[in-house]
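kindly generate the corresponding structure for this input.
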Amino acid sequence: MVVSSGMVRSASCILSMAAFLLLTAPLLQLCTGHQGPSDLPGKIAVVGAGVGGSAVTYFLHQQFGPQVQIDVYEADRIGGRLATLTVNNQLYESGSPSIHSLNLHMQDFVKLLGLRHRRDVPGKSAIFNGDQLVLEETDWYLLNLFRLWWHYGISFLRLQMWVEEVMEKFMRIYKYQAHEYAFSSIEELLRSLGGEHFVNMTQKSVAESLLGVGVTQRFIDDVISAVIKANYGQSVAIPALVGAMSLAGAQGNMWAVEGGNKLVCSGLLKMTKANVLHAKVKAISLHSSEKKPLYEVLYDQEGALGSEFYDLVIVAAPLHKTGYAISFRNFQPPLQLPIDSYHRVVSSIVHGYLNSSYFGFTDPKLFPFSSILSTDSPDSFYHSLENLCPINVTVGFRRKPPQEAAVWRVLSPRPLERRELKTLFKSYYSVQVIEWQAFPSYGSTGSSRTLPPIILHDGLYYSSGVEWAATSVEMSAVAAKNVALLAFNRWFELTEKIDQQDLLHKLKTEL
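Next up, the predicted model:
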């Protein structure tokens, strides 16, 4: 066979092209975000299967691909604060009852999992100061506005403008995360959204911030304090950013998942085919490795101790004095962990007949409210009272009027005494009490308070610390995606995707 010079040149070109592709393949993989199996972490551990844990599992699965095994450790129940309980043969939300319409990650999860929004059941609210109703909602929007103006001037408009400004800046995070930008600290994330002003909002109280924009003290005492107490069981001394998130939810546009909000968590874990271990993590130990650190997770599963090794570990459960007690071993220097505590909230689910006369309605048929908020007064023994709808709402469903037995949720700082229950209810069939460390105990704000770190070690991350900046279902999801992106970008040394300055302008010029 005679080989022509043209064939030789063609073969040479083919070999050169093949060599070029082999040399540039790793670079192309990095640029496109699709790494080869040898570049990927072997195993990833996620501690906690609440909103934060299930969301970070989903986002890690998105970033690293299905080749990487993800083990999720949960000591209690999947869903965390998203939970349900049974009353009179029906299920009700016992945890976070509703989600704001601007919560885009949660909206995406619902669509992704094929879930549906629960049918809305309208209801009116009022605020009670212990003696009388200081504010009552009606069925007429314009009348509600007139009453607010009559009692508080334009304070409610100033409040709305303040909340909308904060939320408009907060919404920038979705654009950043869509372009796979991540932040190595909570402070850097906040600066990217609203500059130093957003960071300062974690040091300044919501009362101080609202007074600064012209909201009156009376409006804060009557309305703002009641909303904050109903959401967090704390006073208007909480940080301004936490308060803004809370007040955004108070302005309506709320929804819930048909069948229970916790379906989001179980659905995400099932979709990612994560390996869920119902076990309590006792310790995380650092082991040396030639290239990257290796972590050993030690756990207790029904009394049997076990351990597994991981390249990456994400703690998506609160680390605090009364919370998830994990010891960290072999870290030099020792890890600096959060030492703050969480605030206890007591939720009493009562099936009974409301005592409407306590609120000034001697005839129960005339009582029009589905929820009553309490002002922040020394004599108040509860935070809020809400008529609950079941997690599955049929087409013909209606709220039961006060003259009928209904299911009510009472939030209080401590378990209700019998006389207090008899004050709120004429009689009742059952009372189920849930006590939990629901939210950070924000206490007094000040410049000395520091936010918890996200990066605890090279491959060890903490996502739940974001609650000290603001706590909500969506904040947990935002923090989860940030941690997943941060872990991915740091693993592949994509430094240009981490802590970028003036990111909003950068994205505008790129587009």
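
count residues in the vicinity of residue 49, would you?
29 (other C-beta atoms under 10 Å). For every residue, glycine as well, the C-beta is placed using N, CA and C.

now do the contacts for it.
72-74, 77-80, 265, 269, 276 (C-beta atoms under 8 Å, 6 or more residues apart in numbering).

who wins for neighbours among these?
residue 265 (28 neighbours).

now do the nearest residue to that residue once chain neighbours are set aside, the pLDDT please.
Spatial nearest neighbour of residue 265, excluding adjacent residues (C-beta to C-beta, 6 or more residues apart in numbering): residue 54 at 4.0 Å. For residue 54, the model assigns a pLDDT of 98.

residue 54 contacts residue 269, correct?
Yes. Assessed by C-beta atoms under 8 Å, residue 54 is found in contact with residue 269 at 5.3 Å.

between these two, which contacts overlap?
Residues touching both residue 54 and residue 269 (C-beta under 8 Å, 6+ apart) are 72, 78.

about what we covered before: how many other residues sit next to the residue nearest to residue 265?
Neighbourhood size, residue 54 [other C-beta under 10 Å]: 35.

before we move on, what SS does residue 386 have?
Applying DSSP: H, G, I helix; E, B strand; the rest coil to residue 386 yields a three-state assignment of strand.

if it is in a bridge, with which residues?
For residue 386, the beta-bridge partners are residue 371, residue 409 (DSSP bridges).

check contacts around it.
By C-beta under 8 Å, 6+ apart, the residues touching residue 386 are 97, 370-372, 408-409.

so residue 57 is in which element?
Secondary structure assigned from DSSP states H and E places residue 57 in helix 51-64.

which of the residues in that helix are buried?
Judged by neighbour count (16 or more other C-beta atoms under 10 Å), helix 51-64 contains these buried residues: 51-61, 63-64.

who touches the helix or strand where residue 283 lies?
Following DSSP H and E, one finds residue 283 within strand 280-287. Applying C-beta under 8 Å, 6+ apart, the contact partners of strand 280-287 are 47, 73, 75, 293-301, 305, 309, 313, 315, 324, 326-331, 457, 460.

which of those residues fall in strands?
47, 73, 294-301, 305, 309, 313, 315, 327-329, 457, 460 (DSSP state E).

buried subset of those residues?
Buried among the ones in strands among the contacts of strand 280-287 by 16+ other C-beta under 10 Å: 47, 73, 294-299, 313, 315, 328, 457, 460.

how about the residues you listed in CSV, adding distance to residue 198?
Below are those laid out as CSV (distance: C-beta to C-beta, whole Å):
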residue, distance to residue 198
47, 28
73, 33
294, 36
295, 32
296, 37
297, 34
298, 38
299, 37
313, 29
315, 24
328, 30
457, 27
460, 26
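
what's the most distant pair in these?
Maximum pairwise distance among these (C-beta to C-beta): 18.6 Å, between 299 and 457.

partner strands of whichever strand in the chain runs longest and their direction?
Identified as the longest strand of the chain according to DSSP E is strand 425-440. Note on strand 425-440: by DSSP bridges, its sheet partners are strand 342-354 (antiparallel).

quick one: the helices in the stretch 351-500 of the chain?
Along the stretch 351-500 of the chain, counting by DSSP state H, counting those that start in this stretch, helices occupy 418-424, 473-491.

the longest one packs against which elements?
Applying 3 or more C-beta pairs under 8 Å, 6 or more residues apart in numbering; DSSP states H and E, one finds that helix 473-491 contacts helix 51-64, strand 99-100, helix 104-112, helix 172-178, strand 312-315, strand 460-462.

please apply the same query to the first one.
Contacting helix 418-424 under the criterion 3+ C-beta pairs under 8 Å, 6+ apart are the following elements: strand 342-354, strand 406-412.

could you give the average pLDDT over the shortest one?
In this case it means strand 406-412. 96.

centre of the chain versus that strand, how much separation?
Here strand 406-412 is found 23 Å from its chain centre; the criterion is C-alpha atoms, centre = their mean, to the nearest Å.

what does that strand rub up against?
87-88, 90, 92, 94, 97, 230, 233, 345-354, 381-388, 399-400, 416, 420, 424-425.
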